[in-house]
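In: got a predicted model here, sequence first, then my questions.
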Amino acid sequence: MKTLRRDRLKIYGDILSAIYFEAGSNKIVMTKIQVRVNLPYDRLILFIKELVDLGFVQDETSLRLTGKGKQYLREYRKTLNFLKRMGLSYNK
């Protein structure tokens, strides 16, 4: 059985979704994000730094989505819904 690898866009979407979901709690715990996204801690930190550099996340410590990060997440979800309606899947 072949394991499918996620591409960068999917990982970004997964991380931003996890941060968005955890945003309701008082403090976002990195371990919860790590478990939700299913990434080793060192790789998760690298991706979060990329998201900060792209302007999607405020900073590594607060882990709050910026307006740009929320927009990415909205567009990403719309794209996934469109693919689903067309009978396609995005499992990269």
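Out: The structure has been received and is ready for your questions. What you see is a predicted model; the values in this text were computed from it and never measured.
In: show me what contacts the residue nearest the centre of the chain?
Out: Note on the chain: the residue nearest the mean C-alpha position is I15, at 2.2 Å, using CA atoms, centre = their mean. By CB atoms under 8 Å, 6 or more residues apart in numbering, I15 lies in contact with I33, V37, L44, F47, I48, L51. Heads up, the C-betas are built off the backbone N, CA and C, glycines and all.
In: how distant is the helix or strand it falls within from the center of its chain?
Out: I15 belongs to helix 8-22 when assigned by DSSP states H and E. Centre-to-centre, helix 8-22 and its host chain are 1 Å apart (CA atoms, centre = their mean, to the nearest Å).
In: so that it lines up with my notes, have the first residue be 26 from now on.
Out: Done: numbering now begins at 26, and the last item shifts to helix 33-47.
In: give the next helix or strand downstream of it.
Out: helix 55-62.
In: which other residues reach that next one?
Out: Contact with helix 55-62 is made by I36, D39, I40, S42, A43, I44, F46, E47, P65, Y66, L69, L88, as judged by CB under 8 Å, 6+ apart.
In: change it to 6 Å
Out: D39, I40, A43, E47, Y66, L69 (CB atoms under 6 Å, 6 or more residues apart in numbering).
In: between that helix and helix 33-47, how many degrees?
Out: Counting by axes from the mean of the first three to the mean of the last three CA atoms, to 10 degrees, helix 55-62 lies at 130 degrees to helix 33-47.
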